[in-house]
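# Quick one, structure for this:
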Amino acid sequence: MNDRSRPQRFRAWGRRQLYSFFSSLGSLANNAVGTLMTVAVLGIAMALPLALYVAVDNFEVVDLKKERWGSLSVYLVESADETDAQRLAALLRNQHGAQVEVVSPDEGLASFREASGFGAVLDLLDGNPLPWVLHVTPAEEGKADLEARVAELAAWIEAQETVDAVQVDFRWLQRLEAFVGLARSLVAVLTAVLALAVLVIVANTIRLDVANRAAEIQVLNMVGAPNGFIRLPFLFAGFWYGFLGALLALVLLNAALLYLSAPAERLLDAYGNTLRLEGPGLPVTASLLVAGAMLGLAGSWVAVGRHLKRFRLADAGRPS
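This is a model prediction of the structure:
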C-alpha cells in the first residue's frame with residue numbers, strides 16, 4: 001500500500017511545487033507596479049558590482065607590456081653618430097647587463113611615419129630631425145628593487161656626454177596594474193555588501209506581503225495546513241524577485257556596454273591597444289542568475305520563517 005502510494009504522493013508534491021512556482025509569478029504580475037519597483041532596485045544593486053567586475057575583467061586583458069616595465073628610452077645628442085650609439089650600447093651591455101636596442105634616425109622616422117599617418121607632412125622636411133635612440137631594458141635580477149635600479153641606471157646614462165635625455169617608460173602602467181588589483185578587491189567587498197542589501201530588500205518585501213496576507217495565513221494555520229504549504233508561495237515569490245533582479249542587471253549592463261563600447265575603443269586605440277569591450281560570459285551570466293535567485297529564496301525564507309513563528313506563538317498563547 002505504501003509502495004503504491006509513494007508515486008502518487010510524489011506526483012502530488014510535484015504538482016503543488018509547479019502550481020506554487022507559477023502562481024507566485026502570477027501574483028507578482030497582479031501587483032505589477034510594486035513588483036517593477038522592487039525588481040528595479042534589485043537590478044541596480046546587482047548591476048553595480050557586476051559592472052565593476054566586467055570593467056576589471058576587460059582591463060586585465062589589456063597588454064600592459066610588463067616585459068618592458070622599467071625600460072628606458074635614451075635620446076642621444078644631435079651630433080652623435082652610429083659609433084657613439086654603439087659604444088654606449090656596448091657599455092650598457094657589458095657594465096650593467098642591460099638589453100639594448102639601437103634605433104637609427106632613419107628607422108625612427110620610418111616607424112613614426114607608419115604609426116602617425118603624417119607621411120605627406122614628413123616629406124616636406126629638409127632632413128631627418130630624429131636623433132639616435134637606445135631602448136634599454138635593465139637586467140632582471142633583483143626585481144624587488146626595480147625602481148631603484150632604474151633610477152641608478154638613468155642617472156649613469158644621463159651623465160654620459162653623448163646623451164641628451166632619458167625617459168623612463170611605462171611607469172604609469174605599473175600604477176594602472178596596482179589600481180586594477182585594488183579594483184578586484186573592491187569587487188569582492190561591493191559584491192558582499194550588495195548581496196546583503198539584496199537579501200534585506202527581498203526579506204522586507206516578502207515581510208510586507210506576508211503581513212498583507214496575515215488573515216489568509218491565519219486561516220490556513222487554523223485548519224492545520226503545514227508550514228511548508230504556507231511558506232511555499234512566498235519562497236517562490238522571493239525566487240522570482242531575485243531572478244528578475246539579476247536579469248535586469250544583465251540588461252542594464254549590456255545596454256551600458258553597447259553605449260560605451262565605441263568611446264572606449266577610440267580611447268584604447270589611441271594608446272596602441274586593440275581591446276574590444278566584452279560583456280559577462282556565459283558562466284558569469286549563469287552564476288549571477290543563480291545567485292540572484294538563491295538570495296531571493298534566502299531572504300524570503302528568513303521573512304516567512306519569522307512570521308510563521310509569530311503565528312505559532314500567538315496561537316499557543318490563546319486560551320483553549
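
# how much space is there between A148 and A155?
According to C-beta to C-beta, to the nearest Å, A148 and A155 sit 11 Å apart. C-beta coordinates here come from the backbone N, C-alpha and C atoms, glycine included.

# Sketch out the low-pLDDT regions of this protein for me.
1-6, 8-23, 60-70, 112-127, 140-147, 169-174, 176-177, 214-229, 267-276, 307-320 (pLDDT under 70).

# where along it do the strands fall?
Along the chain, counting by DSSP state E, strands occupy 72-76, 99-103, 133-137, 163-168.

# Quick one: closest of those strands to G281.
strand 133-137 (35.3 Å; C-beta to C-beta).

# Please name every helix or strand in contact with that closest one.
Under the contact criterion of 3 or more C-beta pairs under 8 Å, 6 or more residues apart in numbering; DSSP states H and E, strand 133-137 touches strand 72-76, helix 82-96, strand 99-103.

# Within its sheet, name the partner strands of that strand and how each one runs.
strand 72-76 (antiparallel), strand 99-103 (antiparallel) (DSSP bridges).

# ok, and which of the ones you listed has the densest surroundings?
Among these, the stretch with the highest mean neighbour count (mean count of other C-beta atoms under 10 Å) is strand 72-76, at a mean of 21.

# Only alpha carbons, please: show that strand as CSV.
Below are the C-alpha coordinates for strand 72-76, written out as CSV (Å, rounded to 0.1, in the frame of the first residue of the first chain):
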residue,chain,number,x,y,z
LEU,A,72,64.4,53.5,-20.7
SER,A,73,64.4,55.5,-23.9
VAL,A,74,67.8,57.2,-24.3
TYR,A,75,68.0,60.1,-26.8
LEU,A,76,71.5,61.0,-28.0
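
# Please list the outside residues in contact with that strand.
84-85, 88, 131-138, 150, 153-154, 157, 162-169 (C-beta atoms under 8 Å, 6 or more residues apart in numbering).

# Quick check: Y241 vs E152, distance?
From Y241 to E152 the distance is 61 Å (C-beta to C-beta).

# Which one's more surrounded, these two?
Y241 (29 against 13; other C-beta atoms under 10 Å).

# That one reaches L42, doesn't it?
Yes: assessed by C-beta atoms under 8 Å, Y241 is found in contact with L42 at 6.3 Å.

# For burial, what's the neighbour tally of L194?
20.

# Contact partners for it?
45-46, 48-49.

# sorry, back to before: redo the strands of the chain as TSV? Include distance to G281.
Formatted as TSV, the strands of the chain follow (distance: least, C-beta to C-beta, whole Å):
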stretch	distance to G281
strand 72-76	38
strand 99-103	38
strand 133-137	35
strand 163-168	37
